[in-house]
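Novice: model the following, please.
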Amino acid sequence: MTLRVGPPLCPSDRPNVRVFRYSNSGLGDCGRYDQRKTLEEAEANAIGTEYLRADLLPGDGASRTRELLKKYIDLRIAFYEERNAQRVAEIGQQTATAQGELWSAVLPAAASQPTPIMALVVSGMNDVINAQGYTQAAWWNRIPVGAWAMMALLAISCNLLVGYSEHRKSELLLFVLPFVIAIAFFLIADLDSPRGGAIRVHPQNLLAASQSMKP
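Specialist: Numbers count the residues shown, from 1 in each chain. Take a look at the predicted model:
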């Protein structure tokens with residue numbers, strides 16, 4: 001029994017079939033888009049859960065933590081909706097500061113009362129901070145430049161070969177392959193651009209969680 005690693009072999013040696021198969025592998029970018037949507041949902045759930053667990057904190061710690069979480073979720077929503085690079089960098093700095101404040105809000109209670117209940121609160125805050133890191137890592141996960149160059153080279157080569165072999169037929173047919181490849185490349189590039197593309201992740205779960213926190 002032979003174990004094959006990677007995509008299956010192409011059943012045809014025609015160049016246009018090969019470039020379509022390679023472009024199809026690029027459409028695995030849909031997986032990156034789905035991952036970003038899943039992580040947005042996970043982040044909203046983590047913040048919402050910790051907002052409820054904040055009631056377990058003693059004294060003024062509960063109200064302070066809830067207020068900090070309200071400000072924090074607004075920053076996370078802005079991260080998804082903002083397109084300006086400078087503003088995104090500012091949001092990143094504010095998010096890091098807010099995470100430090102959130103951790104400081106639960107740390108004194110956990111240190112003074114090392115109980116399973118306080119451990120639950122601390123664990124929830126850890127999930128909130130980790131969720132942001134997972135989201136950022138998913139947004140940094142892009143198609144390498146070398147892969148784009150290889151795809152472009154394959155597309156150009158296949159178009160030249162098809163044009164040379166079928167130049168005696170209808171000229172209209174010569175535009176079909178470049179047109180289809182251009183559409184495929186556009187979709188791949190759009191899905192690979194989480195902030196600048198037309199297909200973006202809308203923070204609907206974070207917005208819903210934010211609404212639930214308002215009185």
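Novice: roughly how far apart are Arg83 and Arg200?
Specialist: The gap separating Arg83 from Arg200 is 9 Å, by Cβ to Cβ, to the nearest Å. Backbone N, C-alpha and C define where each C-beta goes, glycine included.
Novice: which residues does the nearest residue to Ala54 once chain neighbours are set aside contact?
Specialist: Nearest residue to Ala54 in three dimensions, chain neighbours excluded: Thr65, at 4.1 Å (Cβ to Cβ, 6 or more residues apart in numbering). By Cβ atoms under 8 Å, 6 or more residues apart in numbering, Thr65 lies in contact with Glu50, Ala54, Leu57, Leu102, Ala105, Val106.
Novice: one step back: which one of Arg83 and Arg200 has more residues nearby?
Specialist: Higher neighbour count among Arg83 and Arg200: Arg200, with 17 against 9, using other Cβ atoms under 10 Å.
Novice: quick one: pLDDT of the residue nearest the centre of the chain?
Specialist: Most central in the chain under Cα atoms, centre = their mean is Arg36, positioned 2.9 Å from the mean C-alpha point. Note on Arg36: pLDDT of 88.
Novice: again, but for Ser104
Specialist: Reported pLDDT at Ser104 in the predicted model: 91.
Novice: ok, Ser23 next?
Specialist: 42.
Novice: what do you get for Leu9?
Specialist: So, for Leu9, pLDDT stands at 38.
Novice: now swap in Leu173 and tell me
Specialist: 67.
Novice: try Met151
Specialist: On pLDDT, Met151 comes in at 80.
Novice: in what helix or strand does it lie?
Specialist: helix 145-165 (DSSP states H and E).
Novice: what's the following helix or strand after the longest helix seen in the chain?
Specialist: Longest helix in the chain, counting residues (DSSP state H): helix 85-112. Per DSSP H and E, helix 85-112 leads on to helix 116-140 as the next helix or strand towards the C-terminus.
Novice: ok, and what's touching that following helix?
Specialist: So helix 116-140 is in contact with 32, 35-36, 39-40, 42-43, 46-47, 49-50, 53-54, 56-57, 69, 72, 76, 95, 99, 102-103, 106-107, 109-110, 194-195, going by Cβ under 8 Å, 6+ apart.
Novice: residues touching Ala44, list them.
Specialist: So Ala44 contacts Ile73, Pro203, Asn205, Leu206, Ala208, Ala209 (Cβ under 8 Å, 6+ apart).
Novice: now do Ala209
Specialist: Ala209 touches Ala44, Asn45, Ile47, Gly48, Tyr51, Ile73, counting by Cβ under 8 Å, 6+ apart.
Novice: surely Leu177 meets Ser157?
Specialist: No - taking contacts as Cβ atoms under 8 Å, Leu177 lies outside contact range of Ser157: 11.8 Å.
Novice: where does pLDDT dip in this structure?
Specialist: Residues of the chain meeting the criterion pLDDT under 70: 1-29, 164-173.
Novice: thinking again about what came up before, farthest pair within the contacts of Ala209?
Specialist: Asn45 and Ile73 (11.7 Å; Cβ to Cβ).
Novice: more neighbours, the two?
Specialist: Using other Cβ under 10 Å as the criterion, Asn45 and Ile73 rank with Ile73 on top: 23 against 16.
Novice: does the more buried one touch Pro203 like I think?
Specialist: No - between Ile73 and Pro203 there is no contact under Cβ under 8 Å: 9.3 Å.
Novice: right, I'll leave it there.
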